[in-house]
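Student: Fold the following, please.
(one chain, ligands or ions: 2)
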Amino acid sequence: MASSTTKPIFTPPSTTLTSSSSSSSQPPTRSSLLSFLRNTASTPISLKLSHSHPSFRSLSIRNATKTIESAETSPVSKVGGKDTINSQETKPTILVSEKLGEAGLELLRNFGDVDCSYDLSQEDLCKKIASCDALIVRSGTKVTRQVFEAAKGKLKVVGRAGVGIDNVDLQAATEFGCLVVNAPTANTVAAAEHGIALLASMARNVAQADASMKAGQWQRNKYVGVSLVGKTLAVMGFGKVGSEVARRAKGLGMEVVTHDPYAPADRARAIGVEVVSFDQAISTADFISLHMPLTPATKKVFNDDSFAKVKKGVRIINVARGGVIDEEALVRALDSGKVAQAALDVFTEEPPPKDSKLVQHERVTVTPHLGASTKEAQEGVAIEIAEAVVGALKGELAATAVNAPMVPAEVLSELAPYVVLAERLGRLAVQLVAGGSGMKSAKVVYKSARDPDDLDTRLLRAMITKGIIEPISDSFINLVNADFTAKKKGLRISEERVVVDASPELPVFSIQVQLSNVDSKFGSAVSGGGDISIEGKVKNGIPHLTQVGSFSVDVSLEGNLILCRQVDQPGMIGQVGNILGEQNVNVSFMSVGRTARRRNAIMAIGVDEEPNLESLKKIGEVPAIEEFVFLKL
Ligand SMILES: NC(=O)C1=CN([C@@H]2O[C@H](COP(=O)(O)OP(=O)(O)OC[C@H]3O[C@@H](n4cnc5c(N)ncnc54)[C@H](O)[C@@H]3O)[C@@H](O)[C@H]2O)C=CC1
Ligand SMILES: O=C(O)C(=O)COP(=O)(O)O
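Tutor: Ligands and ions are numbered 1, 2, ... in the order given. Next comes the predicted model:
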């Protein structure tokens, strides 16, 4: 374990770090942060994935007032309540590959160059994507790994104007650091209404009778239907759409049961719906309506085995995804009479082949993926996705992120200063590692007065990971791919929550980052346990470094930092201050922590500018200074 007592030669950090700091002395407040996240102008703080627009690199708290003042140099400014880009800056290019509501397009046009190119082949999409910052799709565009590869790192966000993201290769998006956002709420009612429309029209043969009449027939006896009242409906997947379908079916006098391994039973019970097992649901139902996402676990869950368990004469509605049904098995079940009817809005392959037996089956009612296709839903979805994409391009954390920590706005406002602290601690800790020693494990200890279940640390963990990984990675790192890259580098990050006697008003009392089994270029950062260990707290909204190894310090984590270990004696602050002053380097903070009087002490010096090599060398030559390190934040 490193604890060299000799003066190390100054080694600047090997990587140039993007500075995401602000000199704001104004702590972020809950309401100011929230209102900025809602895109209202003239609020003081925003929590940003500040991609130093548009390079989307780091998350930072930034003073929005300052941004507005410096609008001439900042690409994003607020004009008349709209987000616009200054004309001298290159606007981001947003490719919209499927029809999107006008209100959403309008929002996008206020922010970037919008290219609406529908029905692109994969090849054309791959060609176009290389010049796009954002891509907005619905269910018809396959955003494959090839698309991310073709984007060559330019694509920052994929917006899915709807719920299901099974057409986006999330793993590839994550690896390429591309954020994926969706619009999960605006089409819920439309999908639920379409489910009910299919249920009722299937039960009364509306589509078949309509076709027959248009063919000149009058077949009243042929199209006798079945009633819904008193029948049992199994809602498979009790999420947003499923629960709305259940509510409406109850209104039609149906008995409703549901199967959803993740839905809380009390939410179902509250609307008179019983949660049952998969087998129980499908074996007792007269109607089965599917509302689960298509995942590896749900792919073809309706297959020969499950059709063998259903009640004879069951009727099936699918407005979820075609892939949850084995379509060939369904045809067999229809032919055998096990399944009396099916009403399908979605198909494994869309559009399905023209000769699809399922589509042609006389007891099957089909619609071409119309669940979300109401005027109202499409306008809502377009606005929801446009706001999410513009927000992401501006660097804001997305509330509907699919492949990054998704944090509710209230939690985000509370965690905002800790998010900054987390990233800076990670960034500092890794710079304390001596070159060449491979880091394998990092531990994060959150001290808090709150119950561990009351503290959502996903965002903090992601930011610490980003802070650690970014300086040692030559590829682009952001919140999306930090964890993936850490794993790829073999770095294991563990977390521990410690309940301390502090104010429960604060979500976190302190955050400690420990790096094990590595040598340190600053031996004093190594704690008694042999790990590099640093700890920080948020004070008045500003992140502070409060512990380095076994030494207590107190220095605000802004600008850059010099840590010196010295013999505790008078005049040290003056000597170092003078050396920096000669080079016009402004000292923002100084703090001395010592183990015992006139023994070892650590001096932590915050500097606004980066001292040149000459001044750092001079600091190293001060006789009482035993070791020192310069760290960029
Ligand atoms: N046809 C259309 O145009 C539309 C289709 N959809 C599709 O409907 C589905 C549901 O959408 P939302 O309700 O908004 O999503 P959601 O995420 O709110 O609900 C999905 C529910 O399925 C549950 N689930 C996951 N695995 C399951 C399993 N193995 N068995 C049973 N339940 C499971 C989840 O716990 C969750 O409660 C999605 O696949 C979505 O793509 C949504 C809107 C329109
Ligand atoms: O939101 C969903 O999951 C849907 O299936 C809607 O798809 P669409 O946007 O209409 O292609």
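Student: ok, and for the helix ranked longest in the chain, which residues are buried?
Tutor: Looking across the chain with DSSP state H, the single longest helix is helix 409-431. The neighbour-count check on helix 409-431 (16 or more other C-beta atoms under 10 Å) flags 409, 412-431 as buried. Every C-beta, even on glycine, is put in place using the N, C-alpha and C of the backbone.
Student: With just CA atoms, put that helix into PDB.
Tutor: Extracted in PDB, the C-alpha atoms of helix 409-431 (Å, rounded to 0.1, in the frame of the first residue of the first chain):
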ATOM      1  CA  ALA A 409     -38.500  15.600  -9.900                       C
ATOM      2  CA  GLU A 410     -39.000  15.900  -6.200                       C
ATOM      3  CA  VAL A 411     -36.200  13.500  -5.400                       C
ATOM      4  CA  LEU A 412     -34.000  15.200  -8.000                       C
ATOM      5  CA  SER A 413     -34.400  18.600  -6.500                       C
ATOM      6  CA  GLU A 414     -33.500  17.200  -3.100                       C
ATOM      7  CA  LEU A 415     -30.500  15.300  -4.400                       C
ATOM      8  CA  ALA A 416     -29.200  18.000  -6.700                       C
ATOM      9  CA  PRO A 417     -26.300  19.200  -4.700                       C
ATOM     10  CA  TYR A 418     -25.300  15.700  -3.600                       C
ATOM     11  CA  VAL A 419     -25.300  14.700  -7.300                       C
ATOM     12  CA  VAL A 420     -22.600  17.300  -7.900                       C
ATOM     13  CA  LEU A 421     -20.700  16.200  -4.700                       C
ATOM     14  CA  ALA A 422     -20.900  12.500  -5.900                       C
ATOM     15  CA  GLU A 423     -19.400  13.200  -9.300                       C
ATOM     16  CA  ARG A 424     -16.600  15.400  -7.800                       C
ATOM     17  CA  LEU A 425     -15.700  12.900  -5.100                       C
ATOM     18  CA  GLY A 426     -15.400  10.200  -7.800                       C
ATOM     19  CA  ARG A 427     -13.300  12.400  -9.900                       C
ATOM     20  CA  LEU A 428     -11.000  13.300  -7.000                       C
ATOM     21  CA  ALA A 429     -10.600   9.800  -5.800                       C
ATOM     22  CA  VAL A 430      -9.500   8.500  -9.100                       C
ATOM     23  CA  GLN A 431      -6.900  11.200  -9.500                       C
END
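Student: So which other helices or strands are in contact with it?
Tutor: Here helix 409-431 touches helix 30-37, strand 45-48, strand 60-63, helix 458-469, strand 510-516, strand 532-539, strand 542-548, strand 625-632, going by 3 or more C-beta pairs under 8 Å, 6 or more residues apart in numbering; DSSP states H and E.
Student: pLDDT of the helix or strand that that helix is followed by, averaged?
Tutor: Sequence-wise, the next helix or strand downstream of helix 409-431 (DSSP states H and E) is strand 441-448. The average of the pLDDT scores along strand 441-448 is 95.
Student: So what's the gap between strand 441-448 and the chain middle?
Tutor: Centre-to-centre, strand 441-448 and its host chain are 21 Å apart (C-alpha atoms, centre = their mean, to the nearest Å).
Student: At which residues are the strands of the stretch 101-250 of the chain located?
Tutor: 113-116, 134-137, 157-160, 179-182, 232-236 (DSSP state E, counting those that start in this stretch).
Student: in its sheet, what does the third one sit against?
Tutor: So that's strand 157-160. strand 134-137 (parallel), strand 179-182 (parallel) (DSSP bridges).
Student: Need the contact partners of the last one.
Tutor: Translated: strand 179-182. For strand 179-182, the surrounding residues in contact (C-beta atoms under 8 Å, 6 or more residues apart in numbering) are 49, 156-163, 165, 168, 170, 173, 385, 388-389, 392, 398, 400-404, 478-480.
Student: now do 7 Å
Tutor: By C-beta atoms under 7 Å, 6 or more residues apart in numbering, the surrounding residues in contact with strand 179-182 are 156-160, 162-163, 165, 168, 170, 173, 388-389, 392, 398, 400-404, 480.
Student: Where does the protein get nearest to ligand 1, which residue?
Tutor: residue 239 (1.7 Å; C-beta to the nearest ligand atom).
Student: residues contacting that residue?
Tutor: residue 291.
Student: ok, how many other residues are close to the residue nearest to residue 352 when sequence neighbours are not counted?
Tutor: In this structure, residue 352 finds its nearest non-sequential neighbour in residue 359, 5.4 Å apart by C-beta to C-beta, 6 or more residues apart in numbering. Neighbour count for residue 359, taken as other C-beta atoms under 10 Å: 16.
Student: Next: residue 98.
Tutor: So residue 98, with other C-beta under 10 Å, has 17 neighbours.
Student: I figured it hits residue 139, correct?
Tutor: No: if you go by C-beta atoms under 7 Å, residue 98 and residue 139 don't touch, sitting 8.0 Å apart.
Student: Just the closest residue of the stretch 201-350 of the chain to ligand 2, please.
Tutor: Here the residue of the stretch 201-350 of the chain nearest ligand 2 is residue 346; by C-beta to the nearest ligand atom that distance is 6.9 Å.
Student: on that earlier part again, so which of the strands of the stretch 101-250 of the chain is the most packed in?
Tutor: strand 157-160 (a mean of 30; mean count of other C-beta atoms under 10 Å).
Student: Can that one be said to contact ligand 1?
Tutor: No: applying C-beta under 6 Å from any ligand atom, one finds strand 157-160 separated from ligand 1 by no less than 9.3 Å.
Student: Stretch 292-303: how far from the chain's middle?
Tutor: With C-alpha atoms, centre = their mean, you get 24 Å for stretch 292-303.
Student: buried sites along it?
Tutor: 292-294, 298, 300-303.
Student: filter those residues by proximity to ligand 2?
Tutor: The subset of those within reach of ligand 2, by C-beta under 6 Å from any ligand atom, is empty.
Student: Pick out whichever of these sits closest to residue 109.
Tutor: residue 293 (31.5 Å; C-beta to C-beta).
Student: In contact with the residue lying closest to that closest one once chain neighbours are set aside: list those residues for me.
Tutor: Excluding its sequence neighbours, the residue lying closest to residue 293 (C-beta to C-beta, 6+ apart) is residue 164, at 6.2 Å. Taking C-beta under 7 Å, 6+ apart as the contact definition, residue 164 lies against 139, 293-294, 321.
Student: pLDDT (mean, whole number) over stretch 393-413?
Tutor: On average, stretch 393-413 scores 81.
Student: related to what we said a few turns ago, ok so the residue nearest to residue 352 is a helix residue?
Tutor: Yes: checked against DSSP: H, G, I helix; E, B strand; the rest coil, residue 359 lies within a helix.
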